[in-house]
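1. What shape does this take:
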Amino acid sequence: MKKNVFIVGMDSFNLKKLQRLPEAAECNFYSALDAGEILDVPGYDMGELIARARQRIETTPGETHAIVTYFDFPATDLVPILVEAYGVPGPSMESVFKCQHKYWSRLEQQKIIPHNIPKFCAFDPFDEESCALIEIKPPFWIKPVRSFRAFLAYRVDSEAEFRGYIREIRGKIGFLHEPFRYLLKNYAVPSEFADMKESCLAESPLSGRQCTVEGYVLNGEVAIYGVVDWVLDGHFSSVLRYEYPSSLPDRVKDHMAGVCRKIIKHVGLDNSAFNAEFFYDPDSDEAYLLEINPRMSQSHADLFEKVHGVSHHRVMLQIALGRKPVPFEWQGKYNYAAKFMLRTFEPGKVVKVPTREEIAAIKQEIPDTIIRPLVREGQQLSEFQIRDSYSYELADIYIGADDREGLVDKYKHILSKISFSIER
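-> From the prediction side, this is the model:
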């Protein structure tokens, strides 16, 4: 009998990756929630989303064997609620919230990896004296205690900057904070976090090379299976590309893996994929944890597929079915792969995007390239609900190559063949 696997945030791009897995033949993939119900939406009614997911699960014939996601908010937050309701393998609600709530997570990290985190302080953005109450001197970063894609994250260099950013945060923080607070108050989270007025976090800045560690935990055993490098814009700190495999020395990767094992076990995360974002500072030879996410990063899936011959959706699926993941082999078509994020740094109206014919011609010329435009003609870039605070992402471009230089060369060639026009 086939296994019924429910996906919170099903979309065609990731479903195709799942359907190419060796385990796909023994699975039926169903949508608990579609991606269109949780991505780029005007708001989140968490109670209604939970009820809708449960209704779909309960009206599907047969048993429920697994519930998974590869997306961030609200999908990652909903999975532990659903796996507990249906008794399938998955992480506990408390362990997931200890990762997702940035202040709670830092408090837990402080107990077990104090030398691998920045200074931090929670504050209430609606308190007129909040700047004076922050115990960290500028420069520092501010962000909501629940965020993703660097939503409402700002670097603060002065009190005047702080006050300007706070006005922006006050007007927009409820978009994520209120639905997240609904979960905190309704699912047995300690009142010190569920009821806290401090909805933002200030942190001292980290520097160095940024990367993501991909891993999993099964029955208390933590394993790391890949490290992905980040290449950032030098001025705005926006991500320009993810590159795999990492060029960091093995000893640095091993050190970051050790940090991951400590914090994963400490917060009690189990039966889950995870990814952890780090800064490696070569001057101090130390690794600093930016955040830990209790899910795989779907942004890296095509990179693993190009290099290993199979995406790391396989890890997510095997864990959800209660199986130990099969180690990756280097059986992909390429030695290196990257996800490039084409960005612009000023608002405007999109007046031209690449045509299907232009994209098809690129794919013909550079096989296995994926180009995913994220905007449409006529769209105002300022309409994006969730984005980083300094840029607008126009397209994701996935490329494989025999060497790192080949990745950049192919990307430059693609940009010479396609174009986006923005009316300022």
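2. burial count for the nearest residue to residue 309 once chain neighbours are set aside?
-> Nearest residue to residue 309, sequence neighbours excluded (CB to CB, 6 or more residues apart in numbering): residue 331, at 3.8 Å. (Each C-beta comes from the backbone N, C-alpha and C, glycine too.) For residue 331, the neighbour count with other CB atoms under 10 Å is 9.
3. In which helix or strand does residue 331 reside?
-> Under DSSP states H and E, no helix or strand contains residue 331.
4. likewise residue 31?
-> Going by DSSP H and E, residue 31 is part of strand 27-34.
5. returning to that earlier point: shouldn't the residue nearest to residue 309 be in contact with residue 305?
-> No. Taking contacts as CB atoms under 8 Å, residue 331 lies outside contact range of residue 305: 10.4 Å.
6. which residues are common contacts for the two?
-> By CB atoms under 8 Å, 6 or more residues apart in numbering, residue 331 and residue 305 have no common neighbours.
7. Next up, the contacts around residue 92.
-> 80, 84, 268, 269, 270.
8. do that again at 7 Å, thanks
-> 80, 268 (CB atoms under 7 Å, 6 or more residues apart in numbering).
9. Which residue ranges of this structure form helices?
-> If DSSP state H is used as the criterion, the helices of the chain fall at 12-19, 46-58, 75-86, 93-100, 102-112, 130-133, 159-172, 174-186, 191-194, 250-267, 301-308, 313-320, 356-365, 404-417.
10. List the buried residues in the second one.
-> So the one you mean is helix 46-58. Within helix 46-58, the residues scored as buried using 16 or more other CB atoms under 10 Å are 46, 49, 50, 53, 57.
11. In a markdown table: those residues, plus distance to residue 20 and pLDDT.
-> Shown next, in a markdown table, are the buried residues of helix 46-58 (distance: CB to CB, whole Å; pLDDT from 0 to 100):
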| residue | distance to residue 20 | pLDDT |
| --- | --- | --- |
| 46 | 32 | 98 |
| 49 | 28 | 99 |
| 50 | 30 | 99 |
| 53 | 25 | 99 |
| 57 | 24 | 99 |
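12. want to try JSON lines for these, with distance to residue 343 as columns?
-> Below are the buried residues of helix 46-58 laid out as JSON lines (distance: CB to CB, whole Å):
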{"residue": "46", "distance to residue 343": "31"}
{"residue": "49", "distance to residue 343": "30"}
{"residue": "50", "distance to residue 343": "34"}
{"residue": "53", "distance to residue 343": "33"}
{"residue": "57", "distance to residue 343": "38"}
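13. and of the residues you listed, the nearest to residue 156?
-> Closest approach to residue 156 among those (CB to CB): residue 46, at 30.4 Å.
14. got a list of what the closest one touches?
-> 74, 179, 182, 183.
15. how about the residues you listed, which pair is most distant?
-> Maximum distance among the contacts of residue 46 (CB to CB): 9.8 Å, for 74 and 182.
16. Which residue of these two possesses the greater neighbour count?
-> Neighbours per residue (other CB under 10 Å) separate residue 74 from residue 182, with residue 74 holding more: 28 against 18.
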